[in-house]
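# 3D model of this:
(2 chains)
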Number of protein chains: 2
Amino acid sequence: MSSAPQNSGPLRLGIAGLGTVGIGVVKIVQREAALLAARAGRPVAITAVSARDAKKDRGADLSGYAWESDPVALATRADVDVFVEVMGGHDGAAKAATEAALAAGKHVVTANKALLAHYGQALAERAEANGAALRFEAAVAGGIPVIKALTEGLAGNRIKRVMGVMNGTCNYILTRMQSAGLPYETVFEEARSLGYLEADPNLDVGGIDAGHKLSLLAAIAFGTKVSFDKVELEGIGSVSIDDINLADDMGYHIKLLGVAQMTGRGLEQRMTPCLVPAESPLGQLQGGTNMVVLEGDSVGQIVLRGPGAGEGPTASAVMGDVIDIARGFRLPVFGIPAKTLAEPVAALSATPAPYYLRAKLLDKPGALAKIATTLGDAGISIDQMRQINQPGADDGDAIVLIVTHKAAPADIAFAMSQFAQTGVLVEQPVAIRIEEV
Amino acid sequence: MSSAPQNSGPLRLGIAGLGTVGIGVVKIVQREAALLAARAGRPVAITAVSARDAKKDRGADLSGYAWESDPVALATRADVDVFVEVMGGHDGAAKAATEAALAAGKHVVTANKALLAHYGQALAERAEANGAALRFEAAVAGGIPVIKALTEGLAGNRIKRVMGVMNGTCNYILTRMQSAGLPYETVFEEARSLGYLEADPNLDVGGIDAGHKLSLLAAIAFGTKVSFDKVELEGIGSVSIDDINLADDMGYHIKLLGVAQMTGRGLEQRMTPCLVPAESPLGQLQGGTNMVVLEGDSVGQIVLRGPGAGEGPTASAVMGDVIDIARGFRLPVFGIPAKTLAEPVAALSATPAPYYLRAKLLDKPGALAKIATTLGDAGISIDQMRQINQPGADDGDAIVLIVTHKAAPADIAFAMSQFAQTGVLVEQPVAIRIEEV
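Okay, here's the model as predicted:
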């Protein structure tokens, strides 16, 4: 095609990191050489690889590739056009090698959400200054082509809200708790023994990994600098099986849900446990599968669902980026030039929502009334209220469940602080946002 | 970015067709000029428009644009870079103008599934010979960026199967029949009075529109020439409320489901009513929403869900293509050069599946045995069998429901033909494929 960039020679990859993702990429390139060349318009070849241990058997024939023990050396080789960074880690070697590649004008394809969440702005500016692509489809929601959908497919939209369940381990834990009726601690240990957890489990269950991903989507969606440090983070460690079951009775499921939305007060980013309607696509999501919901002013709501991790899905995302580069596609890293990305306003979430409240009350006359009065004094009105245990039964305490009408997060926080002064609570009550999806 | 194609001037659109989609595009370009320029790297402008009636008030200010009464003249104007074809119709003016645009080396963005289903191969060859882009995201599943996901995002995959519910009117009718317990004819008339049906309703309820879309996805997925004439088409007119209800009792919903898959015998394309598990994403799809399921060897299963029609969603898809063109993205129309697309083998579906069978039997001793024997003789084994009315009750007839184990379509067809000779049937039995999703 005459108007296309002419890229006649092979596109040469240097792959740093030969774990499951790196080896997944090697397998695709080896198995599908003809198909990739037909689609990319030119051959895709691997010229060099890098990993810690050169002698380990990784189940793929690497003998045709140069071996670099230093990923920085790999990144700057003359025979590498695209540096594929699938080492992981938010600084150290991954950062140094990515910086070196971009400085040398090499394109970079990375699966490293932590690196981009921390250094995305500087890396994007460096890439754009050097005419290099920096692509990261594999960093968010695994095999789901969500970066492409948001940056390209929905480029005609003003994005209203982005939501997502983007950590498969957390969703596995929450759905397993519900289906098996098991407490968090038990399922956490199951997940650990199955190898589902990162070496630092807090990256998963603390919401950090999913928060990294949300911060990248938010930058693209709203044209703002990546601001992971502004994501309101709350992990799933405090989600109790009682709340999962009680929410289910009321038609809700609990998810670790990321929400980014632009408001009159600035960008809000939350990665927190939320109730969502059990019948909604997000509510129905089981196990390790990921889901991202994109809402645009013209398109309405688009839902993308697929595997969020694993060799094949992540390698698929890397290869999508590689083929885009081979085809000559170039666009700014976050959809608009990095230097024009806005400084996000640090807005704590103020968007009102209904809340689920659970409180355990002493068996005292007027206890319920005190709770209701406290809410009313905070400006919060009640949509539904249920008492689960009758006072006098068992330990004499009563569980009260409340679903509020839409309330501002600050008003909920104030009410929660006031509950302690009512003198009728057995323990600290629970408040969980109900996201309207 | 130095390696990007330099496109400094505005990208100039000529829009043919000022119905809801065309006006939707006009509104986005007028409202979001700054955002589009930031994302595209250059301004996007409309220079000329064309429609039948120049005087009609369309709710948008068109006074700044040249008016062409002839879309062919519009398509070849010197001040038009991209011909946006949103007139519709599978031949006539839409075809002539698209051909003229491509012959003149103009890029084309079209929402016209019928045109591409019939003439996609010739148009793609013409586009590629002239260095022009021919993009059609809006032609398939409305606002869902599925062409992009398949052609680009999943380009590293060998695609195994593509499925979709891609006609919102049919899905509206089927889900409304189920929720309201109404027969097809009643809901069809409702849909007509609501304006949901094409002027020729058979385009919708006959599965033709959805078949057009499936044939385009199949070409991309499998690298074959568009072959709409090879799609096995069956509309929803024969779906009865009885089958909807009985299937629901067994945990299935009936959908007009498109399936394209490459088999050892060649490409299979079906657009037919199918049972799918009620709990699956496809089974849960309500109303006019569309869903496409993409299955790749590396990525596994990706599910995309969103609005399949309407001003905003379709205009969103058109604008995604326009911005890609503005950014300089060029790729073959169906993902690989049109001249290299394979001739699809005309394979009638032979992929086995379980089937749902419903038969009304005379109240005769041995009637059920004759049905079971006929199936056995055809090599079909039975997974579940239920008798709904007891013989002797009411009219004395019995409804028998059977779910078979996996059976070849030809064996099912043979068994259906043999049933007539058993002498125990009150009426022609029903067989519906159960697609394993």
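# Is there contact, residue-wise, from stretch A:56-72 to chain B?
No - no part of stretch A:56-72 sits near chain B under the criterion C-beta under 8 Å from any C-beta of the partner chain; the closest distance found is 14.1 Å. (Each C-beta comes from the backbone N, C-alpha and C, glycine too.)
# which SS state does A:L62 fall under?
coil (DSSP: H, G, I helix; E, B strand; the rest coil).
# That one and A:A51 touch, don't they?
No - with contact defined as C-beta atoms under 8 Å, A:L62 does not reach A:A51; the gap is 9.1 Å.
# Find residues that contact each of the two.
A:L18 (C-beta atoms under 8 Å, 6 or more residues apart in numbering or on different chains).
# Next one: the residue in the stretch 1-150 of chain A that chain B sits nearest to from A:V25, what distance?
Relative to chain B, the nearest point of the stretch 1-150 of chain A is A:P145 (2.8 Å; C-beta to the nearest C-beta). A:P145 is 16 Å from A:V25, where distance means C-beta to C-beta, to the nearest Å.
# Residues touching the helix or strand containing A:R358, excluding its own?
Using DSSP states H and E, A:R358 sits within strand A:355-361. Strand A:355-361 is touched from outside by A:242-243, A:246-247, A:250, A:252, A:275, A:367-368, A:371, A:380, A:391, A:397-404, A:407, A:412, A:419, A:424-427, A:429-434, with contacts defined as C-beta under 8 Å, 6+ apart.
# among those, which are in strands?
A:252, A:275, A:398-404, A:430-434 (DSSP state E).
# Just the buried residues out of these, in ChimeraX syntax.
Selection of the buried residues among the ones in strands among the contacts of strand A:355-361 in ChimeraX, burial being defined by 16 or more other C-beta atoms under 10 Å in any protein chain shown:
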select /A:252,275,398,400,401,402,403,404,430,431,432,433,434
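# Most distant residue from the centre of chain A?
A:P365 (46.1 Å; C-alpha atoms, centre = their mean).
# measure it to B:R192 for me?
In terms of C-beta to C-beta, A:P365 sits 62 Å off from B:R192.
# can you tell me which residues contact the residue nearest to A:A133 when sequence neighbours are not counted?
Computed as C-beta to C-beta, 6 or more residues apart in numbering or on different chains, the closest residue to A:A133 that is not its neighbour in sequence is A:H107, at 4.2 Å. A:H107 is in contact with A:D81, A:V82, A:F83, A:A101, A:A132, A:A133, A:L134, A:R135, A:I325, counting by C-beta under 8 Å, 6+ apart.
# Out of those residues, which sit inside strands?
Filtering the contacts of A:H107 for strands - DSSP E - leaves A:V82, A:F83, A:L134, A:R135.
# most neighbours, which of the residues you listed?
A:F83 (30 neighbours; other C-beta atoms under 10 Å in any protein chain shown).
# For the helix or strand encompassing A:Q30, C-alpha coordinates in CSV please.
Counting by DSSP H and E, the element that carries A:Q30 is helix A:20-31. What follows is helix A:20-31, C-alpha atoms only, in CSV (Å, rounded to 0.1, in the frame of the first residue of the first chain):
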residue,chain,number,x,y,z
THR,A,20,6.1,-17.7,31.2
VAL,A,21,5.4,-14.5,29.2
GLY,A,22,8.7,-14.3,27.5
ILE,A,23,8.7,-18.0,26.5
GLY,A,24,5.1,-17.5,25.4
VAL,A,25,6.2,-14.8,23.0
VAL,A,26,9.1,-17.0,21.7
LYS,A,27,6.7,-19.9,21.0
ILE,A,28,4.3,-17.7,19.0
VAL,A,29,7.1,-16.2,16.9
GLN,A,30,8.5,-19.6,16.2
ARG,A,31,5.2,-21.4,15.5
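# Help me see whether that helix makes contact with chain B, please.
Yes - using C-beta under 8 Å from any C-beta, helix A:20-31 reaches chain B at A:G24, A:I28.
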